[in-house]
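Asker: predicted model and sequence below, questions to follow.
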Amino acid sequence: MTDSDQQGSEPVDVDRQTEHGPAGREMTGGQRRAERRAAVALAVAIVAGIGLFVVYFAGGQTQIEGVLFAIAFGGLGVSLGLWANHLLDAREVVEERHELSSGAAGRQAFEMALTEEVGPVLGRRSMLVKLLAGAGGALGLALLLPVLSLGPAPGRSLFVTPWARGKRVVDENGEPVTVDTVPEDGFLTVFPEGAEGAADAQALLIHVRPGSLRLPPERMAGVPEGTLVAYSKICTHAGCPVGLYRADNQSLICPCHQSQFDVADAGKPFFGPAARPLPQLPLGVDEEGVLVAQGDFTEPVGPAFWNRGRK
Amino acid sequence: MSMVVERSLKYLDERLGTSSLARATLRKVFPDHWSFLLGEIALFSLVVLIFTGTFLIFFYTPSIQEVVYDGPYAPLQGEHVSAAYDSVLRLSFEVRAGLLMRQTHHWAALVFVAAIVIHLCRIFFTGAFRRPREVNWLIGIGLLLLALGEGFTGYSLPDDLLSGVGLRIFYSVTLAIPVVGTWVTYLLFGGEFPAPDMISRLFVFHILLIPALLLALVFVHIAILVLQKHTQFPGHGRTERNVVGKRFWPEQTFKSVSLLLFVTAVLALLGGLAQINPVWQYGPFVAWNVTSPAQPDWYIGFLDGALRLGPPWDLTLWGFTISEVFWPAILFPGIAFGILTLWPWIERRFTRDRAEHHLLDRPRDTPVRTGIGAAGLMVFFIMFLEGGNDIFGVLLNVPVETITRILQWSLLIAPIVTFLVTHWICKGLSRTRLRPARINAGVRLSRTPDGGYETVSLDPAAADGERAPAPTGPHTG
């Protein structure tokens, strides 16, 4: 790659040094000072280097190690910097640029080589060349097949969660959640029994103020006592857990991008980048007072994907 | 020269012909300007990244296998965490120099991307991408994108709560790719989030695939630079046909090695003293938990901000959905990086300038390009600010909603204003013909026998009478 110089002419030296004489002459005061400073910097670097041994074998200490490394590298850097600026016979030189292209003649010669040497070899066997391209293409595509093994086919996995009719509602530790578990204005992250911690099943059970919900009757049927409503905890925007609840205006806030959802109004977004409401989890109560699911969420949970509308 | 050196040089030269190549390298000329060192800072950060990163690999476990933490960090003792998170805690608290290496690695990554971005700005605003350097411009953009990918995969490896949520967002973004999003996401992650193979795959990307590409492209980037020779600012004796500067040996070598040492020193100091990514404070990743506030590393900030600014518009066509995430996180970066990538050709369409350029533009002399560049930076800056809207909300005691609304309007207005103001400033500077103060290396001031002063040009061209001697010192010509 450095054969570039062979085409351009040799660099021309231009002595532009004005303050310090060229090599061989007496050192100026500035140079003597620079040399002294460089020597001090190197001495400091040596001390810091020894210090690193001491600190390491004494058990190590992050802050001191960082500082000593910085002093050692910095000392070396200072000395080389002083050397570069004061102690070199610094000369500015002029190098001619070379022509980057091979020129018209060079290109023509290559074209000739192509037509005379490549063309005849391949041109005579045009059927074989076509088959060769076909074989290469087929093999190339076949070689991509193992890539498909990297992931399962999506199938219906994004449409369903472990929630199903009759699944008992539990908290993250598997404790059953009853109608009395969550006090008014409180909320709790819940899972279906047997799938505690399942990422796509996470739901928020919120105890809203009586009479505050504005849901259509068929959705209201999934709200025990008229106050215990559950929504998917996965933000419909970019999938973060919607972890903040403001009881004063009964809204859920996603801390990632600040989408805000109206709990009273069917989980509809009213500020921020989210476009779709949080899917509701229809709940009921079993004979022991434990909350149970009436089925899966009302819609696919989480962020949008291409075929989410095609159930 | 000693016999051993002489004989080994002869041995190599007879077999590989290295001597003339080595001599040419030693004599190579590098123009001198502080802004030419920005790319070197990126390169040297990469050197630090490779050394510290290699150390980290020996201690990191790329697995989400659940283990019980029993190390010295008391608040997490007895917690169920992934093997990956556990290994990062052990590396940080129990391996000597482990925390220093980890923090230096993280700081080096932040500086690496920053140096690339500032280097890119230098190339853009001085027109260094023009013919014949378009190919290296493309490689440079590729390096920037790889660096972003390398950074994101890297800080996701500890499997902590903050990065886990970031990964969840990235998953949602790939899911939003029209038509093939679901398939691409499942192939990439190995299934529905959080897939068991996720962390081990990130590891493969972070320590093998991306670094291999990155290093290959860095090599080509530098090889092309050497082949085409460096650009230079206009000045005495500098023309489109030459390179004026210092030789590779000794001046440039001393300077570059010195810079390498300084970069390493600063990164070690940061790594030792400035805490970064304290994953034990964020806690292990748990799918139903989230940190607040939640900010990514600085270079992903614009994307997170774009997601916060984005309009709540999803689109359903024939039953198929285009997510609201598509506009800010796929379309916007696609267009922005598309324009950036094609800039040399876009500009050429308007300037019709097909000539080779080795002398750099000063930004003020190209007010339209400078204005567009400044406007583009403003777009990214507004998105970056929005990425911290929750923090600014707390700091300024202003609702985040207000900040978001202000920044949404700014996004429409500020780039235009930025363009106009930048253009106006450039025009004004051009008119005043002020030049930055610089020491004129081509002239010597000397005392005459009668006590006066005279300037003597050291420029060969001027000495030949082709050009008048220039005035000394800071000048306004």
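Answerer: Cool, got the structure.
Asker: can you name the residues that contact the residue of chain A found nearest chain B?
Answerer: Going by C-beta to the nearest C-beta, chain B is nearest to A:Gly66 of chain A, at 1.0 Å. C-beta coordinates here come from the backbone N, C-alpha and C atoms, glycine included. Under the criterion of C-beta atoms under 8 Å, 6 or more residues apart in numbering or on different chains, the neighbours of A:Gly66 are B:Leu100, B:Gln103, B:Thr104, B:Ala268, B:Leu269, B:Leu270, B:Gly271, B:Gly272, B:Leu273.
Asker: thought the third one was touching B:Gly53?
Answerer: In this case it means B:Thr104. No - checked against C-beta atoms under 8 Å, the pair B:Thr104 and B:Gly53 is beyond contact range at 10.0 Å.
Asker: ok, those two, which is more surrounded?
Answerer: The neighbour count for B:Thr104 versus B:Gly53, taken as other C-beta atoms under 10 Å in any protein chain shown, is higher for B:Thr104 (28 against 21).
Asker: centre-most residue in chain B?
Answerer: Geometric centre of chain B, nearest residue: B:Ile116, 2.3 Å, by C-alpha atoms, centre = their mean.
Asker: still on that earlier bit, quick one: which of the contacts of A:Gly66 is nearest chain A?
Answerer: The nearest member of those to chain A, counting by C-beta to the nearest C-beta, is B:Gly272 at 1.0 Å.
Asker: which ones are touching the closest one?
Answerer: B:Gly272 neighbours (C-beta under 8 Å, 6+ apart): A:Thr62, A:Gln63, A:Ile64, A:Glu65, A:Gly66, A:Val67, A:Phe69, A:Ala70, B:Leu100, B:Gln103, B:Thr104.
Asker: helices - which of those residues land there?
Answerer: Mapping the contacts of B:Gly272 onto helices (DSSP state H) picks out A:Thr62, A:Gln63, A:Ile64, A:Glu65, A:Gly66, A:Val67, A:Phe69, A:Ala70, B:Leu100, B:Gln103, B:Thr104.
Asker: model confidence for the second one, exactly?
Answerer: When you say that, I think you mean A:Gln63. Here, the pLDDT recorded for A:Gln63 equals 97.
Asker: tell me which stretches of the stretch 1-150 of chain B form strands.
Answerer: Ranges of strands in the stretch 1-150 of chain B, per DSSP state E, counting those that start in this stretch, are B:29-30, B:66-68, B:80-82.
Asker: nearest spatial neighbour of the residue of chain A closest to chain B, skipping sequence neighbours?
Answerer: Leaving aside its chain neighbours, A:Gly66 sits nearest to B:Gly272 (1.0 Å; criterion: C-beta to C-beta, 6 or more residues apart in numbering or on different chains).
Asker: of the contacts of B:Gly272, which is the most crowded?
Answerer: Result: B:Thr104 is most packed of the contacts of B:Gly272 (other C-beta under 10 Å), 28 neighbours.
Asker: model confidence score at the closest residue in space to that one that isn't next to it in sequence, please.
Answerer: Counting by C-beta to C-beta, 6+ apart, B:Gly271 is the residue found nearest to B:Thr104 once chain neighbours are left out, at 2.9 Å. At B:Gly271, the model reports a pLDDT of 98.
Asker: burial measure for B:Gly271, as a count.
Answerer: With other C-beta under 10 Å as criterion, B:Gly271 counts 29.
Asker: same check, this time on B:Gly301
Answerer: B:Gly301 - counted by other C-beta under 10 Å - has 19 other residues nearby.
Asker: look up how far A:Ser259 lies from it.
Answerer: Going from B:Gly301 to A:Ser259 by C-beta to C-beta, to the nearest Å gives 18 Å.
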